[in-house]
Every structure is written in structure tokens, then in C-alpha cells.
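Asker: Sharing a sequence plus its predicted fold:
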Amino acid sequence: MKNKRRLMGLLMVILCTLLFVIPAYAKEAESDGSGEPEFASPDEMGGATVGLLTGMPFEDMISQRIPDIGGFAYFASMPDEVLALKARKIDAIFINNALIDFAAAHNPDLVKMDDHYLDSNFGFAFPKGDPQRDVWGAIIDRMKEDGTIDELWVKWMESDDPNKSVPEQDWPGNAGTVRVACADSFEPMSYYGENGEMMGFDVEILLNVAKELDLKVEFTPMEFGALMPTIQSGKADVAIGDIVITDERAEIVDFAPYAPAYFTMLIRNSGAETVEDKSFLQNFKDSFERTFITEDRYKMILQGLGMTALVALSSAAIGLALAYGLIFLRRANKPFTNRLISGYNALIAGIPAAVILMLLYYIVFASAKFSAVVVAIVGFALIYCSRAYGIIWNAVSAVDEGQREAALALGYTESLAFRKVILPQSESYYTPLLFSQFILLLKETSVAGYITVLDLTRAGDLIRSRTMEAFFPLISVAVIYFFLTFLMTRIARKIDVSFKDKYYNHKIKGVDE
Amino acid sequence: MKNKRRLMGLLMVILCTLLFVIPAYAKEAESDGSGEPEFASPDEMGGATVGLLTGMPFEDMISQRIPDIGGFAYFASMPDEVLALKARKIDAIFINNALIDFAAAHNPDLVKMDDHYLDSNFGFAFPKGDPQRDVWGAIIDRMKEDGTIDELWVKWMESDDPNKSVPEQDWPGNAGTVRVACADSFEPMSYYGENGEMMGFDVEILLNVAKELDLKVEFTPMEFGALMPTIQSGKADVAIGDIVITDERAEIVDFAPYAPAYFTMLIRNSGAETVEDKSFLQNFKDSFERTFITEDRYKMILQGLGMTALVALSSAAIGLALAYGLIFLRRANKPFTNRLISGYNALIAGIPAAVILMLLYYIVFASAKFSAVVVAIVGFALIYCSRAYGIIWNAVSAVDEGQREAALALGYTESLAFRKVILPQSESYYTPLLFSQFILLLKETSVAGYITVLDLTRAGDLIRSRTMEAFFPLISVAVIYFFLTFLMTRIARKIDVSFKDKYYNHKIKGVDE
Amino acid sequence: MSLIEIKNLHKEYENAVPLKDVSVNIEAGEVISIIGPSGTGKSTFMRCINRLETPTSGEIWVDGVNVCDPQTDLPEVRKKMGMVFQSFNLFPHKTVAENIMMPQQQLLGVSTKEAYEEAMVQLAKVGMEAKARNYPKELSGGQKQRVAIARALAMHPKIVLFDEPTSALDPSMVSEVLSVISNLAKTGLTMLIVTHEMRLARDVSSRIFFMDEGGIYEDGTPEQIFEHPEKERTKNFIYRIRSWEYVVTKDADMFEMMASLEAFCQQQFMGRKASNNCQLAVEEMVTGFILPALKKNPEKSVELRVDAGEEGKEVSLVVDARSLLGTGFSIEEKEGDLSTVLINKLLKRQPDKEPGVLYFTYT
Amino acid sequence: MSLIEIKNLHKEYENAVPLKDVSVNIEAGEVISIIGPSGTGKSTFMRCINRLETPTSGEIWVDGVNVCDPQTDLPEVRKKMGMVFQSFNLFPHKTVAENIMMPQQQLLGVSTKEAYEEAMVQLAKVGMEAKARNYPKELSGGQKQRVAIARALAMHPKIVLFDEPTSALDPSMVSEVLSVISNLAKTGLTMLIVTHEMRLARDVSSRIFFMDEGGIYEDGTPEQIFEHPEKERTKNFIYRIRSWEYVVTKDADMFEMMASLEAFCQQQFMGRKASNNCQLAVEEMVTGFILPALKKNPEKSVELRVDAGEEGKEVSLVVDARSLLGTGFSIEEKEGDLSTVLINKLLKRQPDKEPGVLYFTYT
Ligand SMILES: Nc1ncnc2c1ncn2[C@@H]1O[C@H](COP(=O)(O)OP(=O)(O)OP(=O)(O)O)[C@@H](O)[C@H]1O
Ligand SMILES: Nc1ncnc2c1ncn2[C@@H]1O[C@H](COP(=O)(O)OP(=O)(O)OP(=O)(O)O)[C@@H](O)[C@H]1O
Ligand SMILES: [Mg+2]
Ligand SMILES: [Mg+2]
């Protein structure tokens, strides 16, 4: 009977969760059907908000083409932009075709607009007048002709192989070494891989060329903005990484073009044909893999969980010890300490946990070289201490004054009476409360991210920004929290019961046992 | 008697607060005395962590000078770096003298190291071979000689005048217009002012030159990285903004140098002589001004407060209405809805508020074009609803079953009995609890920043990043929260009392009134 | 047609069947006391009549309406039946007067003024006008119950149901409520009263239901039930009311036993002398003879009974020591023994009722 | 030297001075009952003796030690003085046996085994051995108090202080505790008992303190205090114990008045007849004559008093209607009146004590 009800309860929770899940996927599922791009041409984009990478000076051009544009929004990276687009915070992203193709291939509900702007090529940059440009250009042209480049384009833009990799440098390199400056965060063109090696379309083409020339390659990853200056100053021989050839750039460096480039808009689509064959389950599986398997991301979640547990447990332990200390101080009943304690409690009760953490991190422990984790533990310990103190003190005060008097009348000293008579009686009341307060604390540690602690919530955040997909990381984090608190509530009930068993077993200690 | 105790309580709280304040200022105060820079020379910097702006390629150079360097940390902006340095998260900042002088002048506890690296000049950049370079260079040389530039340096680096401004362009501009590319976030050299106009040392020099040449100036603010390409491509005639002349740069543009530049370390100092004359009060006043007065920042705090109030109040109101709805659903006592309600409550109870907000923002309302504020209100409404439901249901269930039976036996219908007999009885129990739950909610809204809502906590955050000083913004935010909850607690007590008055006034409604 | 007609009423719970096929008619103006051992379905019977419990089967016709019919407008029927609960169930957030006015206003659509006047009339009946502006929590238990009665009366019911109206009261407050009920009985109102107060059953009611074995076991006038009960179970029940019984084992709690005997004597108005003699005799008997005998035969036990006649006269003590027969137990053992002398002085020894059952009286 | 010597004990609270200069000696073996009106400092006196209250001034010497001296090792002195509280104050998280063992182990350093044996001895004394393994919440009030007494005794105190040991008990449980205390009194232990139970004061104690006016107002044997009280206040206090008084105003709550009279009669063992007659007479008197007269003179009031003699004999009713003198109030008004006849049948009218004060008796 009781078990049946519990089972039903759990089923209900799962059902509630599905209420979240189904719409999220139903959306993708239904998109396989009849949907169309949101805007057929730029003329329809009146009022739309366009996302740009910070520093890209395209506002004027876009405004000329779409005079009634709604506005611009600036982002630090492409993944951020894609998330915002999917979340309808913006309506289009203006960026080059490589990034757009990649994003569109991996997000079935996004589509590239047909208009082209600034038609050009991607190119490897060489110092002005460098004869190597022609040597490389010849090899690249051959690769264009024999289809290698098209193959690679597909591989890097569209393939879902999570183990994409570039060739090993297994050639002797007798012709020397080429120093390559490469952009470090332009997936899929040129970016850091999982193990810190450089990856991407540009990188693989470059390696192919280098192999033909028998050159060893030495990569120097850097910000995109640093590429041109590096070439110009002779610090590198070639620069690669999503470089679109423009007149201005061509004035200061020479280019070996390797793939057509242009700028256009990435917009939402409710029916991308490319994913028609992807079932609900497939979508689900892909998201799952991206969130947990790729780059061993589940490890991040586990680490975050560990951090959450560490912060919650340590601060509860320290806070509890402090609370007992306060209780004994309060028993002494000195007006000064009493006021100090109530001031402390009022402060903790009056200020949000996030603000308390920041106060500690930036002010109180500003000059102590504690890590953020230590500060978080201290902060939550202070918070837990205040609440635990309140709970214990209430329980202790609820013990009838007569108990104290009876103990004194028997010949107990004040402190002995407190330790042997009063505290043990209140224990069974306050212990379950302390536990449920601990569950609250566990949830509250989710704000530790404010001071850069990499807890569970923050881990989910990071994965989210990596996968450009909010659903899975967030749901996993939510589910973990849910089961944590669920588990804790169970344990709390057990403790409650065992307390009763311990106290009311009808045995005389030392005689019957 | 009672008033006296309250007064004492408040005094105690203030005392507790001072426990935070005094150390923060005592540190600065004591620094006027005998302190010394933390490192006398780079040789002592073994193990130290050095902060760099992201993308600045100085690691090798620093590692050569200090072989046992502890490590590097990368920052997006100078203010972040300064905060980290003051908070002892890093031990030194490596950056050019202008930024260092400015930071040191405004942070008495930071000091510039004596070592110079990469001695050079700041310069205005002109297209290669542009004859204007010489025209400007001559005027600048004259300004160097007559002390104008030194004056300006002092004005921009060290003066604390909050109303620093650049001259109006009040000359006719008969000679035409000069297009100036300028970096937009390099205070004090070149940065956006309060009203969107360009400010800074570089800007003022440039305006002085333009005045002499009778040129109108047209500024195009941009990222630092875009300055050189803009000049090279001819989109601008001059580029300014903290540009240190280096060999690489000199290869692609021509410079008109106007001030000596070099790189060095900014480190902590416990005794910067420059502030010896600044008293505790003066420090306090300065911080206060920077935090509240400059750029009308108090408005940000007020707006944040308004946002916090908006979110808390709306979500409490909506949540309460929903909770009553749930209560009536629950009264109907259908197994299905009962389970749905308890599933909902379990979910809300099991997941931290921050995670709930993100779930809503990134998943549930991902495709609805709601602003973050609306999502936050919905999220907190769901949270408050669940808690309010629990409180009301508890109160309603605590009403003796006999009350219901008595009403039924008198001839009441079930629903009339609930509305007229049961609910009114529980009202006086649950109203104070709802109110204290509201106070908790008010504090909890501080996590709304997770989904970009600009609430009170976040406003403090922003000001902090502007002033490079954590103390005042954080304390102000904390104090506001504290007084908000304090006030609410007072109101809650009043409500409690007025309930009692209302209910137990020994009057017969309709007869005695 | 009778005011209440109950036909084949049957009520089952998951693990109890308090009512098995009850049929009975109640006429207008009858005052019926329902007595019987605990757990025999008295409350269930009462609560079925105004449908606070749903009968499993059967029909209950109240004033011509079958309340067991799902079509019946229950609130309408309930307005004709006032109910007074053991725990009063006044509305704590309303003054006494509002408690009485509220149902009138909300259910009968009476104006505030009329409701107030009616309330004051009913409060006067129960002697509570002075407390009209007090809140329930400011009243004593007896006063609360009187207000509850007034509230029921203000709806002008044809029938009033009382479920143990005095058993939640302090002993010192029982009488005031009993007086109110007995005054009410004289007005011709139809009343059903579940009670353990034999005073009430005997002195106030016109008819008594003795409930047991899942139904109305015996039904008659107070005289029939109290003076000449026909069935064995009824006899036992009525009889025990005037008896004190105690089973003495070797671990008996003497202090508690003596205290309960004292309380019984006091309650039966036995008079100080009779009561003192009786108590001393029992104490002497137990400490002098019974406990020593039980120490030797630890698994045995002795039953004591004190019966009190009307007006505290005809007090008798029965000591059932049959289980000690053959162990040599006897209170005559040593003739000169102080205990024996004392007991015989306090009470008069009568011939044993049967071997091992001693019998004493006080006159 | 006496066991307890109290010299010039003075105790002030912020707005009350319960003890003004009390001096008294108590010898070993005395059993002292402290009686007196509420709020006259009985508890304060008792609590000063074991220093649960700190006296404002004065000296209290217990067994040769001045407990008012700040240097005194209070726990040591308190071990010599057991205290039994009105509300028992057993430790709820420990079994009965552990309640008694704990202080022995923690304060006297006794071994678990010895403590247990001692506990069982003391529990036997109060008839509670069988409950050694029960928790306090599983006991009745009387049983709790008996355990509390056993706990105090297990410390082998020279003195035991009782502060109203029965007033938190159900009436039905008072007797068992009184029996325990009176058994204890026979053992020669020195005891101080604050009580409102006159049975206890009269039958158990060797000496009685009547407290009033900030001190021990009268001090004597039970006989002196109960039979021949010297001072006026003592007389009033003792006298009222056996009287029932009621002031009838025009708004009097008849039901409550009658109920309280009934309870009084019952408590005084008046016997059913005397009690019935008395109640009926009072009811008749109030409804027939007094209330009508008060209706006409709403600001007046009439005082009723019923006195009960020993053993429920000599019951008398005094009606003090002096305030109605001159209003034409008289119960003889119409000679043939049913009420007058009834009253005279129930009670015997005696000559008026003074004009306006009617006097009846029952024999
Ligand atoms: N809601 C219920 N669910 C299950 N069993 C019930 C319920 N109510 C009563 N009973 C059972 O029905 C039987 C009759 O109960 P009822 O309360 O009518 O007895 P009663 O005669 O009023 O007893 P008492 O004199 O103790 O009030 C009992 O055995 C009781 O346990
Ligand atoms: N802690 C206290 N603070 C202030 N006044 C007190 C305190 N304790 C007792 N009093 C006052 O001292 C007086 C005597 O109280 P005490 O309890 O000794 O009376 P008592 O004789 O025991 O009365 P009762 O019979 O009601 O128990 C009373 O007026 C009481 O109000
Ligand atoms: Mg019942
Ligand atoms: Mg007292």
C-alpha cells in the first residue's frame, strides 16, 4: 500500500519532468516537417536584431541593406551567439560562411540565408612578398582540383564524428620548420582540441601542404586579432584561422586562398531538410553524447557534484560546530555576547547568500590568499551556523524550565544540567530540523558560482556554453539536485525514526544491555 | 525598556558591520606608515602570479627575466586585473606605464615597480608614408616643450576630478575633417565617457592638435585590435588609444610619438607615499563618491533595487494566486491532481532556484520571446507558489476536522464550509508565514543575475567592475538588503498584530460597528 | 409516519462492522438516550442519521426524506437536525454571538439584526447572554458546550443530536451542561443523546437504546432499562456502573487501587463513614491477606468488587478468591489477628456466596 | 542547632514583596505543611530554602551551612534537600529507572548496579517497581509524581520539599500521591509541604505554617490551626475551605452556579439527600425570589453561603440579602406560595442572624 503510493509519487515526478522534455524535443521533431526559414530575404528582416562578434564593423553595411533593422547585439563568441539565436533573444547572426555552415549543420533548426555579402575567399596569410605564398598556393590549387579540400570541408563542417582529428606529423621534416600563427577559438576552422592540440579545417589543409613540402609545423595559437601583426612582424611564417581575404588585409599581407568565403546571415528555421532522417531518439542520443561523452564532459559534472558536496558538507560541519559554540556562549547569558549573537544572526538573515559570499571574497578575505572554495565554505558555514544556532536554541528553550530546576534541585551544576539533561532532550527535536536545513544549504550552494567556485550548477553552465545547447546540461544538473535532495530527505526520515528507536526502547542503559 | 532594547539591537548590528568596515579601511590607513612594495625587484618575484591582458604575448619575456615565475593569469580588462591584484588573487600586473600610473594613482595600495621593459613611446598612428604624420609631429613636439602634455598627463593619470572633460570642438573646422579610430576602453588614455563622448589623455591631445589645424574630428571607437587594420585600410586618418610604438607596429604604420611608454609591473604596496596625506575619512569619501556619485551610479543601484522589488512583488502576487488555485484543486481531492501537485512541489523543492531559472530561460521559454525579467518573475512565482501552497495547506489541514463537521452538520455545503469556516480560521496562521516566506524570496531574487536580470546584486557587481573597488558597492548592496528584510520583518509583525486586533476585538460584526 | 424511520441500516468499516441491520422508528418529541459499551457503534449510528457517515446499506427517513439517497439535498436535511459534538466545535475566530449568527445569515438568509436577536434569545436559554462578545477560547468547557447547544437551537431544528456532550468536560463542569440539556428535554424537542452519564439517561430521557452486538440490543423506558433490564448484557452494563472492580495480582499498584476506590466512593455519594470503612477494610484485606497469599502463588489473582446501592446505602464488598482455593488462604486463620478483628469491625461479614467468595456489607 | 534555621529572610521582586523578615526554626523529623491564600509567598519561601530563588537579605542555615552565602557549594547543599515539584519534572527522555539512577551516577558517583538497586528500592516504596522500564509519558499524573518522589528519595536527602505536589493532578489521582506522602511522613523524614489539600495538612503534618502578610502568620499543630485558629485571617481561610460562597447579581450564570454547588456538595461527602435538598433550595430561592428582586434593583447583589460540617452533617445555608433591605424583599411574601413551601420543606428555617440575613439548616 505504502510502497505503491511511493512508486506512484516517483512516477508522477517523472511525468512532470517529461512535461519539460517533450516540448523541447517535440519542437525539433516537428521541425522535420513543413517549416520554412523565418525570413526569406533581408527585405523581410525589418525590426530584427542581428548578432555580431564584438569588434566586427559590419553595422553600416547591414543597415544600408536593411534600413529598418531592429538593432545589433554583440557577443564574445560564436557559441554564445548561437544560443541566443536559438533562444530567440536575437533573430540572425551575421558571420562568415564557414562558421555558419558549421552552426547550421549542427543545429537543424538554424539555416543559412541565401544572400551573399563580401564574396571572397578564406586564405592563408604570408608576409608581403613572401615567395612561399606561390609554392603553397600551387599545392592548394591541386588539392582543390582533386577534391581533397571539398572532402575536408564536409568532414569539418558537417560530420558528427566526435573523434575528428588531424593527421600526425609523421614525416621527417627535412625541409625545416614552418612557424604557424593560428586562431585558437574558431571551431571548425582552427581551434584547440580536447588534448590541447590544434584542430580544424585550416589546420588539416596546412598539415597536408606541410607534408608535401616535408616541413615540420610549429603552431602558435593566439587571438584572431593578433594574427596579422604576428605575420607582419615576422614572428610567424604563415597565419591561419578563419581569415577572410579582404582588400584591407590583402594590403598588408599576401594570401593563398583555399576556400570560398562570404558573409551572410544565420537565421532560425522550423524545417531544416538535413535532419529529416533524425528521429526523436537520435536527437536525444546526440544531445546526450555531446553533453556527457564528448571530451569526457561527464567528468566535469562529477567534479561539480563533488565540489557541491564538499562545500555543503564542510560548511555544515564547521557551521554546526560554531553553532554549538554560540549555544554555550548564549547560555552564559552575558548581555554583550547576547547582542553580538543576535546582531550576527540578523545580518546573516538579512543578506542574500550570494552577497554574503561576495562580501567575504572581495572584502573580508580580500587580502588572505584563500581560494574561492575556502571562502565559499566559510560563507556557507557562517550561514549554516546562524540557522543551526537558531534551531538548536529554539529546541533548547522549548525544554521546560522545570527540567533545569529539577536538575539543580537534585544537585546538578548549571553546566552539568545543560549537558546531561537539557541538550539530550532537545536533540531529538533539533536533529531532523538541522538535517532539512542542510538540504536547503545543499541547494543554496548553487550560488557559489558567483565567486567562481566550479560547483554543479557552474559545471552545467560550462558544458552548456560548449555544446551550444541548454537542454541536457541543465536538465542533468536539475535531476542530480533533485535526487540529492530526495535522497537526503529519505535519510532524514531514517534518522528521525532511529532517534525514536534509540530513545524509546524501554531499556535501562547499563542494566538491560 | 523595550525601545531601549531595540536601540541596543540596532547598535549591535552597526557594530557588527563596522567589524567589516574597519579592517577594510584600517588596512589602507595603516599603509600610510611604514609599508614597502611587496617586491623590491623582479628577482624577488619567484612563485608570483602575473596578470596579463588576454592576447598580450609577453609570457616568454617575463619568464626569461623571472625564471621561477609562479604562473600567468589572463584577464579581459584592466579593472578586472586590478581587482584581482588587490584581492591577492595575483601578485603583479604586467602592462604599460599609462595604465599602471592611472591604477597606482587611484589605488594607494598599489605601486609601480622600478624596472622598465620595452622602453618606447605612445604614438598616434598614421598610414604608412602619410605626410600628415610630420605636420602632427611638429605640433606635438611643441606641446611637449611648452609642458602642455605633462600637464595633461597629470590631469588624466592622477587627478581625481570626477568632471574631467575634453575641450568642445568649437573651432570652425575650415580645413576639413579628420577621421580618428580610437580604442574605446582604455581609461585613462581613450575611453567612452559618461555621455557616450570620447574621453582621455590621447583624445585631448588629439583635439588640441586638431584645433591648431582647424580640423573637425570624427571619432570611430573600436576595439584596440581593430586600430591598425583600420588605418592600413584607409578607413581612418589617425588611430589613437594607448598605442605603444613597437618595431612590428612601426613596420605597418607611421607613428607620431607623444609620450614615453614602457612596460612594467604593478604590484601591491602597503605604504604608497602618495596617499600619506589621505585620511581614513578622505578615503571613505572618495570611495563613496566613486561608487555612488560618479556617472550617477546611485541610479544603477536604485534601478537594481526597483528590479529586485518588481521581481519579488510580482512573483509573490502571481505565486499566491496560483497557490490558492492549487489549494482549491487539492480540496477536490482527485488522486491524479493530488499527485501532480505533489510532483510539482517535489520538483521545486528539489532544485535550486538558480537552476530553475536557467531551466525556464534556456529551455521552457527558449522559443517564447520573453525578457529575462519575465522569466525570472515566472520562475520565482513558481517557487513562491509551491511554498505558499505548502504553508496554506498546512494551515488549512491544521484546522480541526471537527470544524468542518460542525459546519456540515449546520447545513453548510462542503465548499461554503471551506470558504467561510476553514479558510478564515487558518488565515491568521498562514499570513505571517507567507510574509516571512516573501522575505526569503526577496533575498533569493539575488540569483536572478544568472539569467542576466539586472537586479540589486547585479547592479553592485557592475559598479564594482567600474570602480575597481569591491568594498563600497558590495556593502551598499548588503546594507540595502539588510534594511529591506528588516523593514519587511517589522511590517510582518505589524500585520500579525493587526490580525489579532481584527479577529479578537470583542465586537459583533454588523451589530457593534 | 414517524419523524425518523430507520430501515435495515448497515454500516461497515474496513475492519469493523458497528451496525448490522438496525431498524427503529423515533417519534417527534421523544428524548432518547443511547447508552452502551465503548465501540459498539453509538457514534456511528448518530452520525449516519445526519449523514456525516455514509451508511453501507439501508434507509434512513428523516421527516419524510431518505437521507441515504444520493439525490437528497443534504444541507437542507441537516438544517432540520442540530448536532452537538463532544468537542463543541465552536468557530474560534468568531465571537459567541457571531458563532450563532453566522449560520443563520449564511444559510437561512436572515438579516444581521434578526440573527442577532435570535442569538441572544438562544444564549439566554443557556444562560450565556453575558458572554455574547467573548471568544470561545475565553470560555470554560461547560460554557463552550452551552454555546454550541445555542448555536444548534438557533437554526430551529426539529431534532437535536448530542454525541457525548459532556465527556470532554472537566468533572466540575458536567453538571451545568446536563442542566441545560434536561431543561431542553422539557420543551418537547426531539433529541437523541449518546452518553455515558447515567444521571442524564435515567433522569432526562423518555426512552433508552442500549446498543451492543451491532445494533439496538435493548430498547425501553429508563425504568425498564435501569430497574428491570431484560437481557444479560444490559444487566452487566448497568450493574457495573454502580460497582468498583479490581483484580489484585502480586504486582498490584496499591496506591492506585486505593485511589480509584476512594474516587468511586466519592462519586457514589457513599458518605464519609461508609466510604472510610470500606476503604480501610479493603486495604487491610489486601495487605494483610491477599498479597501475602499471592506472593506464595505468584500466578494467581483475586478479584475485588464493591457495589453501592441507591443513596450510598447497601454497600457490599465481594472478594472472589476462588483461584486461591486449596492454597490454605483464609482470613480466619488466626482468630485473634488484628487484621481480622479490624475488618470485622469495619464491615459485617455475611455467609460466603460460594466457596472462596467472601461477602461483606456495610449498613 | 535546628536542622533548618531561617533568620530575617527577606525577598523582594520588582513589584511584589512576598517575604518580609521571616525567622523560624525547623527541627529534624518535623513534617510541616505550609498553607495560605494564593500569592502569599509559600512557593517563594520553599524555593529560597534550596536557593532556587536568591533571597534579597537574611540567612538560611541548612544543616549548619548558610545557603545564602555566595561561597557556599550549592550543589552539595541541594543534595541534602530533595525537592518534588508540582509539575513532576521527570526527565522525559529517560526511563523511570534511569530517571532515578542518573543523578546517583552523575552526582554521587554510584555504580550502575548500585544505582539500579537503589532505584528499585525507592520505586517499591511508592509502588512503581512494575513501571521501571516505562517512559514518563507512559505514566498517569499520579504515577509520575510518585516516581518524582522516588527520585528525590534515592539521593538520601535529610529534608524533602514538596511544592503543591498534587495540584497538577486529575482529581482521581490525588489520593494515590497523598497516600505515598503520608506513608513517608511516618518514616521520620523532615518534610516541608506547600499544599492546598487540607486532608494532607490536617492528617499528615506535625506542624502547620499559615502564611499571609509576607510571613508565617500563624504557626501551630494541625489541631491548633484547624480547630482553634487564633487569628482572624487564619479563621477566614480555614473556614472558607468548608464553605461554598456565591455572589448573585442580576446576570448570574445559574447553570454554572448550580454546577459549582453540586461539585462542592460532592467534595464534602454531603450524602445525596442533603446535597439534593440543599441544591434544590438554593435554586428555588434564587429563581423564585432573588433574581426577580435583583431585576428590579439591578445594581444590588445577594450573597449565598453553604457551610458543611464534619461528615456532611450540620449543613447550613446563609442568604445575605442585606443590600435588598428596604426594597420589600421577603421570602414570606405570599404565604401559600409554592416556592416558599418547597424551600421550607427542603431545609429548616432558623431565626434570622441579623435583619436581611436568612438562615437555614439541614439535619
Ligand atoms: N472512520 C472509521 N474507520 C474505521 N473504523 C471506524 C471508524 N469509525 C469508527 N470505527 C469503528 O467502528 C466501531 C464503532 O465506533 P463508534 O465510534 O461508533 O463507537 P461508539 O459506540 O461511539 O464508542 P465510544 O463510546 O467509545 O464513543 C469501532 O470499532 C470503531 O473502531
Ligand atoms: N519571578 C517572579 N518575579 C516577580 N514576582 C514574582 C515572581 N515569583 C513570584 N512572584 C510574586 O511573588 C508573590 C508570591 O508568589 P508565590 O509563587 O511564592 O506565591 P504562592 O504562595 O506560592 O502562591 P500559589 O499558592 O498561587 O502558588 C506573588 O505576588 C507573585 O506574583
Ligand atoms: Mg462515540
Ligand atoms: Mg506556589
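Answerer: All right, it came through fine. Numbering: from 1, shown residues only, chains lettered A, B, ... in the order given. Ligands and ions are numbered 1, 2, ... in the order given.

Asker: So which residues on the stretch 151-300 of chain C come close to chain B?
Answerer: Within reach of chain B by CB under 8 Å from any CB of the partner chain, the stretch 151-300 of chain C has these residues: C:151, C:152, C:155. In short, each C-beta sits where N, CA and C put it, glycine included.

Asker: So the second one sits against residue C:83, correct?
Answerer: Yes. Contact criterion CB atoms under 8 Å: residue C:152 and residue C:83 qualify, at 6.4 Å.

Asker: returning to that earlier point: narrow the residues of the stretch 151-300 of chain C next to chain B to those in helices?
Answerer: Mapping these onto helices (DSSP state H) picks out C:151, C:152.

Asker: Name the residues contacting each of residue C:152 and residue C:83.
Answerer: Here residue C:152 and residue C:83 have B:410, C:160 as joint contacts, going by CB atoms under 8 Å, 6 or more residues apart in numbering or on different chains.

Asker: Count the neighbours of residue C:69 for me.
Answerer: By other CB atoms under 10 Å in any protein chain shown, the residues close to residue C:69 number 12.

Asker: likewise residue A:53?
Answerer: By other CB under 10 Å, 18 other residues sit near residue A:53.

Asker: Any idea what it is bridged to?
Answerer: Beta-bridge pairing of residue A:53, defined through DSSP bridges, involves residue A:75.

Asker: Where does chain C get nearest to chain A, residue-wise?
Answerer: Per CB to the nearest CB, residue C:14 is where chain C lies closest to chain A, at 11.6 Å.

Asker: roughly how far apart are that residue and residue D:157?
Answerer: Per CB to CB, to the nearest Å, residue C:14 is found 55 Å from residue D:157.

Asker: ok, those two, which is more surrounded?
Answerer: Between residue C:14 and residue D:157, counting by other CB under 10 Å, residue D:157 is the more crowded of the two (22 against 4).

Asker: ok, now which ones touch the more buried one?
Answerer: Counting by CB under 8 Å, 6+ apart, residue D:157 makes contact with D:79, D:80, D:81, D:82.

Asker: how far away is the third one from residue D:167?
Answerer: In this case it means residue D:81. Residue D:81 sits 21 Å away from residue D:167, going by CB to CB.

Asker: Give me the more crowded residue out of the two.
Answerer: residue D:81 (25 against 13).

Asker: Please report how far that one lies from residue D:158.
Answerer: Distance, residue D:81 to residue D:158, by CB to CB: 7 Å.

Asker: Next, show the common contact partners of those two.
Answerer: Residues touching both residue D:81 and residue D:158 by CB under 8 Å, 6+ apart: none at all.

Asker: Residue C:358 - that's part of a helix, no?
Answerer: No. Using DSSP: H, G, I helix; E, B strand; the rest coil, the assignment for residue C:358 is strand, not a helix.

Asker: Now it: closest residue in space that isn't a chain neighbour?
Answerer: What sits nearest to residue C:358 in space, not counting adjacent residues and going by CB to CB, 6 or more residues apart in numbering or on different chains, is residue C:319, at 4.1 Å.

Asker: and that neighbour, that's in a strand?
Answerer: Yes. Assigned with three-state DSSP, residue C:319 falls within a strand.

Asker: Could you list everything it pairs with in the sheet?
Answerer: residue C:304, residue C:358.

Asker: can you pull the contacts of it?
Answerer: C:285, C:290, C:302, C:303, C:304, C:357, C:358, C:359, C:360.

Asker: quick one: which two of these are the most distant?
Answerer: Using CB to CB, the contacts of residue C:319 span at most 15.4 Å, a distance reached by C:290 and C:359.

Asker: of these two, who's got more company?
Answerer: For residue C:290 versus residue C:359, neighbours defined as other CB under 10 Å are more numerous around residue C:290 (25 against 17).

Asker: Would you mind splitting chain A into its domains for me?
Answerer: A:119-264, A:298-503 (automatic domain parsing).

Asker: quick one: which of those is nearest residue D:42?
Answerer: Per CB to CB, nearest to residue D:42 of these: domain A:298-503, 16.3 Å.
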